Structure formats: structure tokens, C-alpha cells
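1. I would like to see how this sequence folds:
(chains A, B, C and D)
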Number of protein chains: 2
Amino acid sequence: MPTSTPKRRADAERNIETILRSTHELIAQGALPSMSEVASASGIGRVTLYSHFPSREVLLEEVLRRGIAHTDEVLTALKLDEQPPPEALARLVRESWPILDRHRRVRTIALAEIGPEALRRQHDAAFQHVGRLIERGRATGDFRTDQPVDWLVATFYAILHAAADEVDAGRLVSEDAPALLTTTLLSTLRP
Amino acid sequence: MPTSTPKRRADAERNIETILRSTHELIAQGALPSMSEVASASGIGRVTLYSHFPSREVLLEEVLRRGIAHTDEVLTALKLDEQPPPEALARLVRESWPILDRHRRVRTIALAEIGPEALRRQHDAAFQHVGRLIERGRATGDFRTDQPVDWLVATFYAILHAAADEVDAGRLVSEDAPALLTTTLLSTLRP
DNA sequence: GGTAAACTATACAAGAGTGTTCAGGTTAAG
DNA sequence: CTTAACCTGAACACTCTTGTATAGTTTACC
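-> Now for the predicted structure:
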């Protein structure tokens, strides 16, 4: 079924896109933006913002939904299932670690604002990709089996997050991150 | 030099203590408490609260300062310097991982509210303990030297934080955490 | 070019938070 | 027992945020 778009004008479409993009960006920077902040960051009036998103909660939910969908697309395109787990992990980190971290941030912040129910409704695609990769690695003997999968996934994300924080703090340059990350992640996952 | 206490009455002293304790607790639970919340959580009036801490910012700074001092005491008492680094790490995790994490939370939340300057002024004692331990381990050959110390410290805290989150989410029981943590941390630190 | 959709600024109501003032009640300490 | 320190609730001014209403202007689209 095609997404039923009840014929919107092109400028409205453009504004909605801009709103969602800049909201996402504000959240990724660590802020919990107010509707006024979103409006001025998007370069539109506050009333226009409300005309598209009737409440703050609806806006945040939509940003979360799109973030999850986008992450899922990127991860699916990587075709992680078709490579040996260690190589798949290296590829995953090299090509998309900032995306994964940004997703984690939006997830955390949006969750804190709109409660866990909204998140449970949208099941979290990125976690499933990483979880599947780890489970496959356990089956092939590449990854350890002496710790719960949940714990391995949790440390995976925590380490990604640490890298992003270090980059933000200026103690790490973004180009060096993938190599460090791959090494550290493999250290935690190898038997 | 003894801390110059400008002769306060005992009940005032008691209230100040209660305020700082309950504020810390509220923050450790993940909240960003308002002055009203702090007051009612402490069982005192809002005006009394303001009479002791002229502003929210001053209160948060003091909570942060005391948290850092307390963590420093606990870590110093462990005498990490007197044991081989891997054993010292295991001991550190076993005896104080919840304290380290709670401290990290207060640090993060207070930082978000009062800005980084206040934190830079109070240099972070816990980070120094962990950093020293890791550097000593590198010198003895127990820990890896192919990654920057800053990065190893960052992952150390990130993994502690992950454990605390997992416990909060109910996916991990607190008693199992030290063993998992020690294993994972040593995996990231071993050469 | 006409028309409806979309935009804008301004203003309003309601709620929450900060910080202050005041007037009166309680209690620690000498 | 006296007194100064301390605590209290109520009220006030101020700011910020959410969400809605109004009236007028711009712009996409046929």
C-alpha cells in the first residue's frame, strides 16, 4: 500500500521535511528543543509548526519513527548477513557508526520525553540488526558465548556512544574512531 | 585548614544535609528535580531551601562537588595502587561499580544544567583513579598499549554505565553485574 | 489570474519554574 | 527563659513553554 498522502502543496511538504530534519539535528546535538526552538531552527513560524504537528509529542514521535526507519534502511543495505561476522562488524562500524550513535541519542532523549510506550510500539530496528549479527557470530564460533546476548548488545552500543562523546569532547578525531571501535568491539566479542 | 563553618544551628545543619542527600538521590534516579521537588523530597519548605542555597545552580554545583569528593574517598580507601592491576580492577568493580555509575549520572546531568565550566573547575577525581590504574597496568604489561589511555578510560565508564542501564531495565540482576563487568572490562584492556 | 492552501506576526490563556518578600510560628542554645 | 536563629505558608513578579485564535499576506497550482 502506498503512503496515503492527502494531496499537500509542495511548500508544505518541504517545510515538514525541514522541520523533521532540524528537530532531529537539535536532538542529536544533545538538546531537548522547545517548539519555539524547532520553529526558529527550521526558519518557519511557530504557528506553521503547530499546523503540521499538533503537539510536541506528535513531532517527537515522528522524528523517532523516521530515525528508526532510516537506520533500518542503512543497515539493511549493508547486507551484514552475507559476510563472516567479524568482517560484517568491521563494515558496520566503518560505514555507519555515527548513524548508529545518533540513533541511540534520539532514542534515549525521545524516550525520556514521551515515555516508553511509544518506543515499544515502534520496535527498534537497529538493536535487532546488531543482535542478529552477534547471534550469528556466536553460531559460527567467532564470538563468545559465555555472556548473554543482551549484555553484548548493550556493551556494543555503550562503546559506540563513548566514541561519539570522545569526538564531541575533542579528545578523538572522527577519522580515528572506526579503527579504535572495531578493535575494542572485537575485544569484547571474541571468545 | 579546617572548613570554616560560620556557626550554624544544629537543625539548619541537619536540613542542609538532608537537602543535599535527597537532591543527589533524585538525580541518581534520573530526574532533573525542580526546587519544589527538592523541597518536598527533603520534607522542608521551599523558602527554607532557598535560604540555604540561593539558587538552583549553587545547589547542583554543591551536589556535584560532594559526589566527586565522596567517590574520591571510596576509591582512595580501596588502595588500588598496592595490588597488581588486573586484581585491582576486579576489586574496583566488585566493591564500587554502582557508586561509580551514580557518580557518572550526577556528573552528566549536572553538567547538562550548569555547563562544563563548573565541572572543569572541579577536576574529576574518579576519572583520575581509573586513569592511573590503567596507566599502571600498561607499565606492568597487563594492559594494552595500542590504544590511547583516554579511549580506554572512556570505554571503561561506558561499560559501567551500560551495566547500570541494564540493571535499571530489568535485563540484568545487580548481583551478576560485577562478574560480567570484570570479564568485559578485562577483554577491552588486555593486550 | 483566480482561488484555496499555506504562511506570517501578534496576541491570548493556562501552567510550571525561579527567586523574593512578608508576617508569624517554632526551636536550638546560652 | 529568653532570644536569635530557623522554619513556615502564602503571595507576588517574572520568565518560559504549550497550545489556540485571529487577521492579513504570500504562493502554489489549475
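2. for chain A, what are the low-confidence residue spans?
-> A:1-6, A:116-123 (pLDDT under 70).
3. A:Arg136: how many residues sit nearby?
-> Neighbourhood size, A:Arg136 [other Cβ atoms under 10 Å in any protein chain shown]: 17. In short, each C-beta sits where N, CA and C put it, glycine included.
4. Check whether A:Ala88 sits in a helix, strand or coil.
-> What DSSP: H, G, I helix; E, B strand; the rest coil gives for A:Ala88 is helix.
5. Tell me how far the residue nearest to it when sequence neighbours are not counted lies from A:Ala163.
-> Closest residue to A:Ala88 apart from its sequence neighbours, by Cβ to Cβ, 6 or more residues apart in numbering or on different chains: A:Leu80 at 4.3 Å. According to Cβ to Cβ, to the nearest Å, A:Leu80 stands 19 Å off from A:Ala163.
6. A:Thr183 reaches B:Gln147, doesn't it?
-> Yes: at 6.9 Å, A:Thr183 and B:Gln147 qualify as touching, with contact defined as Cβ atoms under 8 Å.
7. neighbour count winner among the two?
-> Set A:Thr183 next to B:Gln147 and count neighbours by other Cβ under 10 Å: B:Gln147 wins out with 19 against 16.
8. and the more buried one, what helix or strand is that in?
-> Under the criterion DSSP states H and E, no helix or strand holds B:Gln147.
9. How about A:Asp142?
-> Using DSSP H and E, no helix or strand contains A:Asp142.
10. and the nearest residue to A:Leu26 once chain neighbours are set aside, how far is that from A:Ser22?
-> Ranked by Cβ to Cβ, 6+ apart and with sequence neighbours excluded, the top spatial neighbour of A:Leu26 is A:Pro33, at 4.3 Å. According to Cβ to Cβ, A:Pro33 and A:Ser22 sit 9 Å apart.
11. Give me the common contacts of the two.
-> Common neighbours of A:Pro33 and A:Ser22, counting by Cβ atoms under 8 Å, 6 or more residues apart in numbering or on different chains, are A:Ala41.
12. Ignoring the adjacent residues along the chain, who's closest to the residue nearest in space to the middle of chain A?
-> Most central in chain A under Cα atoms, centre = their mean is A:His103, positioned 1.6 Å from the mean C-alpha point. Closest residue to A:His103 in three dimensions, ignoring its sequence neighbours and counting by Cβ to Cβ, 6+ apart: A:Thr71, at 4.6 Å.
13. ok, back up a step: from memory the residue nearest to the centre of chain A sits against A:Arg65, does it?
-> No: taking contacts as Cβ under 8 Å, A:His103 lies outside contact range of A:Arg65: 11.9 Å.
14. shared neighbours of those two, anything?
-> Common neighbours of A:His103 and A:Arg65 (criterion: Cβ under 8 Å, 6+ apart): none identified.
15. Up against DNA strand D, what does chain A have?
-> Counting by Cβ under 7 Å from any atom of the strand, the residues of chain A close to DNA strand D are A:9-11, A:34-37, A:46-47, A:50, A:54-57.
16. Drop anything exposed from those.
-> With burial judged by 16 or more other Cβ atoms under 10 Å in any protein chain shown, the buried subset of these is A:Arg56.
17. Looking at the residues of chain A next to DNA strand D, which are in helices?
-> Within these, residues falling in helices by DSSP state H are A:Ala10, A:Asp11, A:Met35, A:Ser36, A:Glu37, A:Arg46, A:Val47, A:Tyr50, A:Arg56, A:Glu57.
18. between these, which is nearest DNA strand C?
-> A:Val47 (3.9 Å; Cβ to the nearest atom of the strand).
19. ok, back up a step: quickly note the distance from the residue nearest to A:Ala88 to A:Leu180.
-> A:Leu80 is 20 Å from A:Leu180, by Cβ to Cβ.
20. Look at those two and report which has more neighbours.
-> More crowded of A:Leu80 and A:Leu180, by other Cβ under 10 Å: A:Leu180, with 22 against 19.
21. Quick one: residues contacting that one.
-> A:Ala163, A:Leu172, B:Gln147, B:Trp151.
22. Among these, which one has the most neighbours?
-> Per-residue neighbour counts (other Cβ under 10 Å) across the contacts of A:Leu180 peak at A:Ala163, which has 26 neighbours.
23. can you list the residues of chain A near DNA strand C?
-> So chain A meets DNA strand C at A:8-9, A:11-12, A:15, A:43-48, A:51-52 (Cβ under 7 Å from any atom of the strand).
24. quick one: which of the residues you listed is nearest A:Pro98?
-> A:Gly43 (24.9 Å; Cβ to Cβ).
25. where's the residue nearest to the closest one when sequence neighbours are not counted, which helix or strand?
-> Spatial nearest neighbour of A:Gly43, excluding adjacent residues (Cβ to Cβ, 6+ apart): A:Thr18 at 7.1 Å. Applying DSSP H and E as the criterion places A:Thr18 in helix A:10-28.
26. Skipping its backbone neighbours, what lies nearest A:Ala125 in space?
-> Leaving aside its chain neighbours, A:Ala125 sits nearest to A:Asp72 (3.6 Å; criterion: Cβ to Cβ, 6+ apart).
27. Which residues are in contact with the one you found?
-> Contacts of A:Asp72 (Cβ under 8 Å, 6+ apart): A:Ala125, A:Ala126, A:His129.
28. Many thanks, we can stop here.
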